[in-house]
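Chemist: Provide a 3D model corresponding to the input given below.
(chains A, B, C and D)
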Number of protein chains: 2
Amino acid sequence: MSTARKSVEATLDLLWTGLGRPKRGPRHRLTVQRVVEAAMVVAESEGVEALSMRKVAAHLDVGAATLYTYVPDKAALLALMVDEMTGQAPLPHTRPGTWREKVQAWAREDLASFRAHPWLVEITSGPFIGPHAFAWTDSAIRVFDGTGLDAEEALAVVEAVDGLVQGHVAKVIEADRARGWVDPEGRSFATIQEGYLTTHRIEAGRFEAIERLRDPYEPVRVFERALAWLLDGVERRVAERAAQGRAEDGTL
Amino acid sequence: MSTARKSVEATLDLLWTGLGRPKRGPRHRLTVQRVVEAAMVVAESEGVEALSMRKVAAHLDVGAATLYTYVPDKAALLALMVDEMTGQAPLPHTRPGTWREKVQAWAREDLASFRAHPWLVEITSGPFIGPHAFAWTDSAIRVFDGTGLDAEEALAVVEAVDGLVQGHVAKVIEADRARGWVDPEGRSFATIQEGYLTTHRIEAGRFEAIERLRDPYEPVRVFERALAWLLDGVERRVAERAAQGRAEDGTL
DNA sequence: ATTAATGTAGAACAGTGTACGGAGTTTTGG
DNA sequence: CCAAAACTCCGTACACTGTTCTACATTAAT
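Modeler: Below is the predicted model:
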C-alpha cells in the first residue's frame, strides 16, 4: 500500500499522459476513465473504506486482476480519482468579483463539495500531483494578480485557505457520520458523548472555557469567522503593497 | 472498521473512565495503557499502515484475540492512541508571552510534533473526543482570555490555526516520504515529478503563475506567512474590541 | 466445593491487495 | 499465409487483515 518502488513512474505517466494504445494484442475492453469512474461510483455509494479492487471490477463485469492492466496500483487509482474530482471544480481565477469574493466563493464551494463527497477527504493521494491539481493551484495563485502579492505570498494564502477548509471539513464529516448513529436504546451519539463530557466537567470542575461556548454553537459560523479574519490579514498586506506602489510612483 | 453499533459506548467508556477491574476470573496480564503503548511503538517504527492487531499482540507476547479483552475495536485503539499523544502536548494557556506568542509557539511545536510522528496525522480518530483533547481545547480557548474575544471567537481561531497546521503538515509528510524514494536509475521522486511538470508546462504554455514561484521555494516560509496573516486579522479584531471596551468605560 | 464469571488464545471466516501463469486475441515479419 | 511476438483477460493463490467463536484455565463469590 505504501508508495511502491516501481509504480511511481507508471502512476505519474498515467496522470499526465494517460495509457497508450497497445500495438499488438486484443483490444482493450475498458479505459482508465471507466475504471476511475467505477471506483468513484463505489466510493460515492459505499464509502472509501468499502472500496476494493474486486468491487470495482465487479461493477465493470470484469475479473479483479484485469484492473491491473489499466492501473498499476490501488494507490494510483486513488490518485486518479482525486485528480479527476479536482478537475471538476471551477477554476478560481475565472470567478467574478474581487479577489476576496473569489476566495470566499471557492472556499465555500470546496467545503460543500468535500462534504458531499467525503471519500475525497479520506483519501491520501500520496505525493502525486496530477495535471488538474496543478492547473487548479495555478489558477488559485492567479486570483491575486494585481493585488501586489507575489506568487509565493499568494500560494501561502491559497494553502492557508485550503488548510482551513480541510481542517473544518474533517470535523464536520465525522459529525455528519455520527449524526446517523443511534444506540440500542435510541440515544444519539451526541447525547451519549455529551453525557460523558458533562459528567466529567462537573466532577472535576475543569473545562471552564469550553463551558462559555454559546450552546448550541454553529460550526459553520466558526469556519466563516476564521476565513474572514484570515482574509482581513491578507487585505491589510494588500493595502500596504498598494500604498508602497503609489509611493514609488510618486518618487519616480 | 466503520463506527460499529456496539463499540461506541465501550470506546467512550474506555477514553473517559478506563477499564474497571473484573470481580471474578483470572487477573489481567496486561493493561489498556500497555496495549496503547505497544501500538504506539509499532506505529512509530513501522508506520500506521503496518499497524495490525496481530503485530501489537506479538509485541506484548500475547495472542491476537487477547487484545479484545482490553479494547473493543481497532478504531478504539486508534482513538486511545490519539488521545494519549494529545495528552503529551503542553497546555497552550500555560505558555509564556502574549496570546500571539502563545499561539505561534503551539503552532510551531504542533507542526514539529506531527512531523516527528506522522502516524498521528494519518489516523482518523473518528468522532470521539477524549479527555486530553477536551482539556487541550479548553486550554487553547483560555489563551484568548483578556483579549475581548468571546469563547466562540477564540474557538474559531483555535480551529483555524489547527487547520493551518494540519493542512501544511499533510503536504510536508508526503514530501518527507517521497524524499527517501529513488528509482532504479537513482533519480529522486522530485526529479521525476519535476520532469513531468516542466514537460507539460512548456508543451501547453499553461501554468504561468506557478512558474513565477521563486525556486526553490521553502514550504516553512509559506506556513509562517499564512500563520502571521491569520494572526494579523485576529489582532485587528482584538484591537477593535479593546477600543470598544475603552469607549464603553468612558460613557459609563 | 460448587458455581458463575472472566481472561487467554488457537482456529476459522470473510475480506483485502496483488503476483503468477495460462488461455485467447490481435498485429507484425517473413 | 503462417508463425512468432505482444498483449489483454482472469482463475488461482499467497500472505495478509479485523474480528468472532469456542474451549479451557483461572479466579472470586456462595
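
Chemist: Contact residues of the stretch 1-150 of chain A facing chain B?
Modeler: A:1-3, A:5, A:8-9, A:12, A:15-16, A:47, A:49, A:122, A:124, A:126-129, A:131, A:134-135, A:137-139, A:141-142, A:145, A:150 (C-beta under 8 Å from any C-beta of the partner chain). Where C-beta positions appear, they are placed from N, C-alpha and C, glycine not excepted.

Chemist: just the buried members of those residues?
Modeler: Among those, the ones that count as buried by 16 or more other C-beta atoms under 10 Å in any protein chain shown are A:3, A:8, A:12, A:15-16, A:122, A:126-129, A:131, A:134-135, A:137-139, A:141-142.

Chemist: any weak-confidence spans in the stretch 151-252 of chain A?
Modeler: Within the stretch 151-252 of chain A, the ranges that satisfy pLDDT under 70 run A:250-252.

Chemist: closest point of it to DNA strand C, which residue?
Modeler: Using C-beta to the nearest atom of the strand, the single residue of the stretch 151-252 of chain A nearest to DNA strand C is residue A:184, 18.7 Å away.

Chemist: So what's the residue count around that residue?
Modeler: The burial count assigned to residue A:184 is 8, neighbours taken as other C-beta atoms under 10 Å in any protein chain shown.

Chemist: can you check residue A:6 too?
Modeler: By other C-beta under 10 Å, 11 other residues sit near residue A:6.

Chemist: Enumerate every residue touching it.
Modeler: Neighbour list for residue A:6: residue A:72 [criterion: C-beta atoms under 8 Å, 6 or more residues apart in numbering or on different chains].

Chemist: Now do it, the pLDDT please.
Modeler: The confidence metric pLDDT takes the value 71 at residue A:6.

Chemist: same thing with the one 3 residues further on?
Modeler: Taken from the predicted model, the pLDDT recorded for residue A:9 is 90.

Chemist: That one: helix or strand, and which one exactly?
Modeler: Per DSSP states H and E: residue A:9 is located in helix A:7-17.

Chemist: distance of residue A:89 from residue A:121?
Modeler: Residue A:89 sits 14 Å away from residue A:121, going by C-beta to C-beta, to the nearest Å.

Chemist: Kindly apply the preceding question to residue A:113 instead.
Modeler: Going from residue A:113 to residue A:121 by C-beta to C-beta gives 10 Å.

Chemist: show me what contacts residue A:16?
Modeler: With contact taken as C-beta under 8 Å, 6+ apart, residue A:16 is in contact with A:130-131, B:196, B:199-200.

Chemist: Run a quick neighbour tally on the closest residue to residue A:153 other than its chain neighbours.
Modeler: Sequence neighbours aside, residue B:225 is the residue nearest to residue A:153 in space, at 6.4 Å (criterion: C-beta to C-beta, 6 or more residues apart in numbering or on different chains). Residues lying near residue B:225 (other C-beta under 10 Å) number 20.

Chemist: do the same with the one 3 residues further on
Modeler: Residues contacting residue B:228 under the criterion other C-beta under 10 Å number 14.

Chemist: what does residue A:198 give?
Modeler: When counting by other C-beta under 10 Å, one arrives at 12 neighbours for residue A:198.

Chemist: Is it within a helix or a strand, and which one?
Modeler: When secondary structure is defined using DSSP H and E, the element that contains residue A:198 is helix A:189-204.

Chemist: and the next element down the chain from that helix?
Modeler: Going down the chain from helix A:189-204, the next helix or strand is helix A:208-211, by DSSP H and E.

Chemist: tilt between the next helix or strand after that next one and helix B:219-251?
Modeler: Going down the chain from helix A:208-211, the next helix or strand is helix A:219-251, by DSSP H and E. Interaxial angle, helix A:219-251 versus helix B:219-251 (axes from the mean of the first three to the mean of the last three C-alpha atoms, to 10 degrees): 100 degrees.

Chemist: which other helices and strands contact helix A:219-251?
Modeler: Packing partners of helix A:219-251 (3 or more C-beta pairs under 8 Å, 6 or more residues apart in numbering or on different chains; DSSP states H and E): helix A:99-116, helix A:151-179, helix B:151-179, helix B:219-251.

Chemist: okay, those helices in TSV with distance to DNA strand C next?
Modeler: Shown next, in TSV, are the helices and strands packed on helix A:219-251 (distance: least, C-beta to the nearest atom of the strand, whole Å):
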stretch	distance to DNA strand C
helix A:99-116	22
helix A:151-179	20
helix B:151-179	16
helix B:219-251	28
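
Chemist: was I right about residue A:110 contacting residue A:89?
Modeler: Yes: counting by C-beta atoms under 8 Å, residue A:110 does reach residue A:89; the two are 7.0 Å apart.

Chemist: Show me which of those two is the more surrounded one.
Modeler: Taking neighbours as other C-beta under 10 Å, residue A:110 and residue A:89 compare with residue A:110 leading, 19 against 15.

Chemist: ok now do the more buried one, which residues does it touch?
Modeler: A:89, A:162, A:165.

Chemist: quick one: which of those is nearest residue B:188?
Modeler: Set against residue B:188, the nearest of the contacts of residue A:110 by C-beta to C-beta is residue A:162 (25.5 Å).

Chemist: Now the closest one. Nearest residue, chain neighbours left out?
Modeler: Spatially, and ignoring its direct neighbours in sequence, residue A:162 is nearest to residue B:167 (5.7 Å; C-beta to C-beta, 6+ apart).

Chemist: Could you pull up phi and psi at the residue lying closest to residue A:173 once chain neighbours are set aside?
Modeler: Spatial nearest neighbour of residue A:173, excluding adjacent residues (C-beta to C-beta, 6+ apart): residue A:118 at 4.9 Å. Backbone torsions of residue A:118, given as degrees, to the nearest 10, read phi -60, psi -30.

Chemist: what about residue A:88, how many neighbours?
Modeler: The number of residues packed near residue A:88 is 9, by other C-beta under 10 Å.

Chemist: Can you tell me what sits against stretch A:138-148?
Modeler: A:91-95, A:99, A:102-103, A:106, A:151, A:153-155, A:157-158, A:238, A:241-242, A:244-245, B:206-210, B:212.

Chemist: Filter the residues you listed down to the buried ones.
Modeler: A:92-93, A:95, A:99, A:102-103, A:106, A:151, A:153-155, A:157-158, A:238, B:206-207, B:209-210, B:212.

Chemist: just to revisit the earlier point, which stretch among the helices and strands packed on helix A:219-251 comes nearest residue B:78?
Modeler: Proximity to residue B:78, assessed across those by C-beta to C-beta, is greatest for helix A:151-179 (13.1 Å).

Chemist: Tell me the helices and strands packed up against that closest one.
Modeler: On a contact count with 3+ C-beta pairs under 8 Å, 6+ apart, helix A:151-179 meets helix A:99-116, helix A:119-122, helix A:131-142, helix A:189-204, helix A:219-251, helix B:151-179, helix B:208-211, helix B:219-251.

Chemist: Quick one: mean pLDDT for the second one?
Modeler: So the one you mean is helix A:119-122. Per-residue pLDDT over helix A:119-122 has a mean of 94.

Chemist: who does that helix touch, helix- and strand-wise?
Modeler: The contact analysis (3+ C-beta pairs under 8 Å, 6+ apart) places helix A:119-122 against helix A:74-88, helix A:99-116, helix A:151-179.

Chemist: Can you add distance to residue B:39 and give the ones you listed back as JSON lines?
Modeler: Output for the helices and strands packed on helix A:119-122, formatted as JSON lines (distance: least, C-beta to C-beta, whole Å):
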{"stretch": "helix A:74-88", "distance to residue B:39": "24"}
{"stretch": "helix A:99-116", "distance to residue B:39": "29"}
{"stretch": "helix A:151-179", "distance to residue B:39": "21"}
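
Chemist: does any bit of the helix holding residue A:9 sit next to DNA strand D?
Modeler: No: with C-beta under 7 Å from any atom of the strand as the criterion, DNA strand D is not reached by helix A:7-17; the gap is at least 12.2 Å.

Chemist: Any part of that helix near DNA strand C?
Modeler: No: Helix A:7-17 stays clear of DNA strand C (C-beta under 7 Å from any atom of the strand), getting no nearer than 7.5 Å.

Chemist: Appreciated, that's everything.
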